[in-house]
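> coords please:
(4 chains)
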Number of protein chains: 2
Amino acid sequence: MKRPTIKDIAAAAGVSKGAVSLALNGRSGVSEETRARVLAVASSLGYRPSVTARALSSASADAVGLVLVRPPRALGDEAFFFQLIAGIQSEMSSALLLQVVSSRSDEIELYRRWWAEHRVDGVFLVDLLVDDPRVSLMSSLGLPAVVVGGAGHHGSLASVWADDYAAMTSVVLYLKSLGHRRIARVAGLSSLLHTVRRDQAFLSSVVDGVIVAGDYTAEAGALATRSLLSGELSGWGGEPPTAIVYDNDVMAVAGAEVAASLGVAVPGELSIVAWDDSVLCQHGRLTALSRDTFAFGARAARALLAVLEGASPTDVEDVLPELVVRGSTGGVPPSAGASVS
Amino acid sequence: MKRPTIKDIAAAAGVSKGAVSLALNGRSGVSEETRARVLAVASSLGYRPSVTARALSSASADAVGLVLVRPPRALGDEAFFFQLIAGIQSEMSSALLLQVVSSRSDEIELYRRWWAEHRVDGVFLVDLLVDDPRVSLMSSLGLPAVVVGGAGHHGSLASVWADDYAAMTSVVLYLKSLGHRRIARVAGLSSLLHTVRRDQAFLSSVVDGVIVAGDYTAEAGALATRSLLSGELSGWGGEPPTAIVYDNDVMAVAGAEVAASLGVAVPGELSIVAWDDSVLCQHGRLTALSRDTFAFGARAARALLAVLEGASPTDVEDVLPELVVRGSTGGVPPSAGASVS
DNA sequence: GACCCTAGCTAAACCGGTTTATCTCCGGCT
DNA sequence: AGCCGGAGATAAACCGGTTTAGCTAGGGTC
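As a prediction, the model looks like this:
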């Protein structure tokens, strides 16, 4: 019933523990003949090395880590991370150590522990902040890490991201080509790096844009939409926007419902674009910026594996998100067009 | 930079390694005075025990495991598991070791490894099969486990579940009270225990029910709905059903879309009920059987913690799923009612 | 023939804890 | 005084690997 250890193999093969270790790991120091014998014995005994013991003597931990900072309840709604995890797992044979914590300081403490205990070989860093302290932490600890979704270069870390700047620009250009001039944006958390990037892209491509902050919840999306449609927030002389770009699907759907309840026709009077496609958008027939999160996760996994194998960290830019045009966007309403011209 | 070990504490406190271990774990064998001194030194040095080393000497691994057998791509759509994980994490301070494998035999091999290496303290068993081999495996390994979502008692294991039988019965009674007689069910995978339970409940409460097998995908839902609406599958003399109960939200939504495309009015001519509520159902205004998966996960976590603390395994029945009536169910259509009477 | 290298292997230390065996000291009992 | 018992501490073994120091035998060089 007990699983064979390296000692059992050594006894059975008539060699020392050390020799077995060398033989199994393909290192020099044993003759080919001995190696073959050890391998034969090992496989006949059904030997599997213990990652726990191996991790203790500072080798591989056969696991990678992902820490999410979030109020637990909120997690369930974010299909993004689940897709990401699924993609990661599709490329990695090692297990994923997943932990949800409630504060950024807990997160950092957790990385320190994991590192000190060799519990993980590397980690994924998500939800990158502006000037994120984790970046320098990773370098100082020497813990291999891949930044997921934080555009640009981060210290000595590898990074995988989609170009939010270009994507936002293309969305705005698309809306402009339809004749829209009063374009608003319902943003995500302003502490996140990608929010800032999108803000910048938005403001530099829209002549006179309005940004409202949100937090990805339906409530925030509804509230922002209500404010925008009342016209009170804009600098457009009290006029409401003719198009709104939301930072995620949940807020966009909530916004669409608010519009419907206020009798604002979509896309007749208001065009709506969602960031991140999902079944929700598909079903609500919302025009959405679609990216393949599963493939994104797979790419992140490959990047981490590369770093673990000693490759020098590289920045990989994911394919540009693609705008899937559905029924929620259309030409600018005649009245609005008139007021501009 | 290096993290303090038990040896450092021993040196600083002027005692032996063993004494430190006893002191830190609150065990007898050291004087209260020594214990206090050791604790003081430990906290001043910022000592944190290494779970890796601790796991090696057959103590706690500070982690629990969850293995999902699934083609990776399919994972992202199943909000159920993410909600479950979120709930689990809300009640557990230890990390969750998550791994997705592609076959049941891989899953079993993984449990053996985890157990042999003390990598996890316990595991959650999901997607329970009829006569599931994992149940006896856990007992023979002595690996603490909680069966999640498999109704009934399983060997010596603790179990947490919702009463699918009663839930299905209540759904059918609700439909009957609306006058429905030709009721169909689009089921999930027939290898799963809860599918069988629901089948049984369905067949014993509907006089003359029809069950079509599905696999939780939109395609399966659409296909099944098309067949049912054509009337070819039923024993109702070629008549289509007036109500369909789907085994998950994705299939239900797909079914609703098929109905719409065929010009079948919902709920005018066809009532639809989904198992498992979600944003999808909320938005599609589908009547759904809602359960709080997050709370379910939390409950499962508590059950596992109890087992880990030595409590004898118990079976916990979760609160009954609640039927949320929305716009997709209504009285039986006059024509159909007439044909029955 | 003396000397040096190196391949091939063993013994032992090490990682950071837990646990057991042992040792010492002190007090109580007869 | 002699014996026993228990509290309090230590040293050492152990978990299952990796890694390093050291040992031996054989071959090449001068």
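> show me where the stretch 201-341 of chain A has strands.
A:210-213, A:243-246, A:271-275, A:287-290, A:315-317, A:322-324 (DSSP state E, counting those that start in this stretch).
> which of those sits most buried?
Stretch with highest mean neighbour count among those: strand A:243-246 (a mean of 30; mean count of other C-beta atoms under 10 Å in any protein chain shown). From N, CA and C alone the C-beta is placed, and that goes for glycine too.
> For it, which strands pair with it and how are they oriented?
The pairing partners recorded for strand A:243-246 under DSSP bridges are strand A:183-187 (parallel), strand A:271-275 (parallel).
> Quick one: the strands in the stretch 1-150 of chain A, in order.
So, for the stretch 1-150 of chain A - with DSSP E, counting those that start in this stretch - the strands run A:63-69, A:95-101, A:122-125, A:145-148.
> How many residues are close by A:R198?
Residues lying near A:R198 (other C-beta atoms under 10 Å in any protein chain shown) number 25.
> my guess is it meets A:Y165, correct?
Yes. Between A:R198 and A:Y165 a contact is recorded at 7.5 Å, counting by C-beta atoms under 8 Å.
> Please parse chain A into its domains.
Annotated domains of chain A cover A:6-49, A:63-161+A:293-319, A:164-286+A:326-340 [automatic domain parsing].
> So which residues on chain A come close to DNA strand D?
By C-beta under 7 Å from any atom of the strand, the residues of chain A that approach DNA strand D are A:2-3, A:5-7, A:17-18, A:21-22, A:24-25, A:29, A:47-50, A:53-54, A:56-59.
> and the residues you listed near DNA strand C, which?
Restricting the residues of chain A next to DNA strand D to those near DNA strand C - C-beta under 7 Å from any atom of the strand - leaves A:17-18, A:22, A:29, A:53, A:56-58.
> Adding mean pLDDT, write the strands paired with strand A:243-246 out as a markdown table.
Below are those laid out as a markdown table (pLDDT from 0 to 100):
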| stretch | mean pLDDT |
| --- | --- |
| strand A:183-187 | 96 |
| strand A:271-275 | 96 |
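> In chain A, what residue comes closest to DNA strand C?
Taking C-beta to the nearest atom of the strand as the measure, chain A has A:G18 as its residue closest to DNA strand C, at 2.9 Å.
> Distance check, that residue against A:V38.
Computed as C-beta to C-beta, to the nearest Å, the A:G18 to A:V38 distance reads 11 Å.
> Tell me how many other residues crowd the nearest residue to A:E257 once chain neighbours are set aside.
Closest residue in space to A:E257, ignoring its immediate chain neighbours: A:A222 at 7.1 Å, by C-beta to C-beta, 6 or more residues apart in numbering or on different chains. A:A222 has 20 neighbours, counted by other C-beta under 10 Å.
> What of A:G142?
Counted by other C-beta under 10 Å, the residues lying close to A:G142 total 10.
> List the contacts of it.
If you count contacts by C-beta atoms under 8 Å, 6 or more residues apart in numbering or on different chains, A:G142 has them with A:W115.
> How about A:G29?
Contact analysis of A:G29 by C-beta under 8 Å, 6+ apart lists A:19, A:22.
> Apply 7 Å and report the result again.
Going by C-beta atoms under 7 Å, 6 or more residues apart in numbering or on different chains, A:G29 touches A:L22.
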